[in-house]
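J.: predicted model, plus sequence, below.
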Amino acid sequence: MDLAGKTILITGGARRIGAAIAFRLAVCGGVVLLHFNNSREEAARTIAGLPGSGHRLVGPVDFSAPAAAELLAGLVGQCDILINNASLYRARGDDPKELERRYFQVNCRVPTQLMQWLAAGRRGGAIVNLLDQVVLRECVPDDPYTRSRRALFAETLRAAREFAAVGVRVNAVAPGPVLPPVGLEGSRMEKELRSVPLGRPVAVNDLVDAVEFLIVNDSVTGAVLPVDCGQHLTG
């Protein structure tokens, strides 16, 4: 797939990995539609720094709200490529059922609805979901975050089979330790890296390379590519 002139929706793209993906795909000629929720100023700075023209912000849209996917789709209109990057990692609250709902809503339901929206009534396109290396491990923690990520992993494979009939390719990247979430810098990274086979964090550029590869290679669908310095190989 040639990215020149293609419209690309990146969810949660205001900063960190999402912003790096936005810049790379803009360099390749894509027109970036950058979703944000609470990070309007950062999203505006990211958009302003992208090469090319036609890029715009779409939001704010809170993925924990019931009609989030429908609202975002209405703001976007249509696009050629979807990058499901937004996620919920550390949620706080006292109600276990509400926490489970929020994790599943943000990390699985909305991305799945957006995949269905992109594939509806079109021919061709590409979707890349950002997962987590935990989905590829045999022994995983039984917590709401992991369950929601594994649910999107299953939806990725299901969508790849279903949408192949309309030429929409669906793939995913499963990152390992890259950048710690905001507010958790230095909290567990050093300890976690001791169990990573390559003994170092994933370079952001390597992760972005993987996303670009899965978009442009027209023969790849249903792939979940670990970019984790071997972390998924550990127990």
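T.: Sure thing, it's come through. Numbering: from 1, shown residues only.
J.: show me where the protein has its strands.
T.: For the chain, the strands defined by DSSP state E cover 7-10, 31-35, 56-58, 81-84, 125-130, 168-175, 224-227.
J.: how far out from the middle of the chain is the fifth one?
T.: Here strand 125-130 shows a centroid-to-chain-centroid distance of 8 Å under the convention Cα atoms, centre = their mean, to the nearest Å.
J.: what do you get for the third one?
T.: In this view, strand 56-58 has its centroid 17 Å away from the chain centroid, taken as Cα atoms, centre = their mean.
J.: next, the contact list for the closest residue to residue 12 other than its chain neighbours, please.
T.: The shortest distance from residue 12 to any non-neighbouring residue, by Cβ to Cβ, 6 or more residues apart in numbering, is to residue 86 (2.9 Å). (Glycine included, C-beta is placed from N, CA and C.) When contacts are counted by Cβ atoms under 8 Å, 6 or more residues apart in numbering, residue 86 touches 11, 12, 18, 35, 37, 63, 106, 110, 111.
J.: which of the residues you listed fall within helices?
T.: 18, 110, 111 (DSSP state H).
J.: output these as CSV; include the columns pLDDT and neighbour count.
T.: Shown next, in CSV, are the ones in helices among the contacts of residue 86 (pLDDT from 0 to 100; neighbours: other Cβ atoms under 10 Å):
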residue, pLDDT, neighbour count
18, 95, 25
110, 98, 26
111, 98, 29
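J.: tell me which of those residues is nearest to residue 24?
T.: residue 18 (11.1 Å; Cβ to Cβ).
J.: how many neighbours does the closest residue to the closest one other than its chain neighbours have?
T.: Excluding the flanking residues, the one nearest residue 18 by Cβ to Cβ, 6+ apart is residue 85, at 4.5 Å. Counted with other Cβ atoms under 10 Å, the neighbours of residue 85 add up to 23.
J.: quick one, what contacts residue 85?
T.: 10, 11, 12, 13, 17, 18, 21, 130.
J.: for those, which one is nearest residue 3?
T.: residue 21 (11.9 Å).
J.: gap between the closest one and residue 9?
T.: 11 Å (Cβ to Cβ, to the nearest Å).
J.: dihedrals phi and psi, residue 63?
T.: phi -70, psi -10 (degrees, to the nearest 10).
J.: output the below-cut-off pLDDT ranges for the protein.
T.: 91-94, 179-193, 235 (pLDDT under 70).
J.: helices of that one, residue ranges please.
T.: According to DSSP H, the helices that the chain contains are 16-27, 40-48, 68-76, 96-104, 110-119, 144-163, 189-193, 204-216.
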